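Enquirer: Need a 3D model of the sequence below.
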Amino acid sequence: MLSLLLTVLFGLMPQSGMVTHTAMLEPAQRTLDLIYNMEFDEALRAAQHLIDLAPAHPAGYFFRAATYWQWRLITYDPHQRALLLTQFQESTQRARAKAEHLQDTQAAEAAFYLGAVYGMQARMHFVEQQYIRALLAA
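Expert: Just a heads-up that it's a prediction; the model follows:
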């Protein structure tokens, strides 16, 4: 998934008013590294940097959602799990909304992020034993 995401980020053509994807590549790689190394607070800051760098792009919100997803998987405290679930849902909704706005100009990238968001949502529903919701999200 990492290589596919980086290929999508790297391959996009810059448009007027948009940050080049070459400029997004290094911060995206760093954010993924932080998520996989379970440095969640730093990963959230890195995702926010991507949001600040390209506010109309779904990448930062997607990475934010991925951070909450991974963090929640290792958290046992019920209160913190509930908070992380809420934050995950908010981030996936924002990533989905940003991706939907890309559909007219960047259909392939929009489809990638929409698929990634729906996949993460389906996994979260499955973990929560909400199997019908997982099936619908998938």
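Enquirer: excluding its backbone neighbours, what's nearest the most centrally placed residue in the chain?
Expert: By CA atoms, centre = their mean, the chain has its centre lying nearest to Phe62, at 1.2 Å. Of all residues not flanking Phe62 in the chain, Ala95 sits nearest, at 4.4 Å (CB to CB, 6 or more residues apart in numbering). To be clear about C-beta, it is placed using only N, CA and C from the backbone, and glycine gets the same treatment.
Enquirer: Can you read off the pLDDT for that neighbour?
Expert: Ala95 is assigned 95 on the pLDDT scale.
Enquirer: again, but for Pro27
Expert: 91.
Enquirer: OK, contacts around it?
Expert: 46, 49-50, 53 (CB atoms under 8 Å, 6 or more residues apart in numbering).
Enquirer: Now do the SS call for Leu83.
Expert: At Leu83 the chain is in helix, as set by DSSP: H, G, I helix; E, B strand; the rest coil.
Enquirer: Now do the contacts for Val117.
Expert: Contacts of Val117 (CB under 8 Å, 6+ apart): 58, 62, 65, 92, 95-96, 99.
Enquirer: farthest-separated two in the residues you listed?
Expert: Ala65 and Ala99 (11.6 Å; CB to CB).
Enquirer: ok, the two, which is more surrounded?
Expert: Ala65 (27 against 24; other CB atoms under 10 Å).
Enquirer: close enough to count as contact, the more buried one and Arg96?
Expert: No: Ala65 sits out of contact with Arg96 when judged by CB atoms under 8 Å, with a separation of 9.5 Å.
Enquirer: name the element the residue nearest to Phe40 when sequence neighbours are not counted belongs to?
Expert: Distances taken as CB to CB, 6+ apart place Trp71 nearest to Phe40, at 4.6 Å, with adjacent residues excluded. Element membership of Trp71 [criterion: DSSP states H and E] is helix 59-73.
Enquirer: mean confidence for that helix?
Expert: Mean predicted confidence for helix 59-73 is 95.
Enquirer: before we move on, what about stretch 33-52?
Expert: In the prediction, stretch 33-52 has an average pLDDT of 96.
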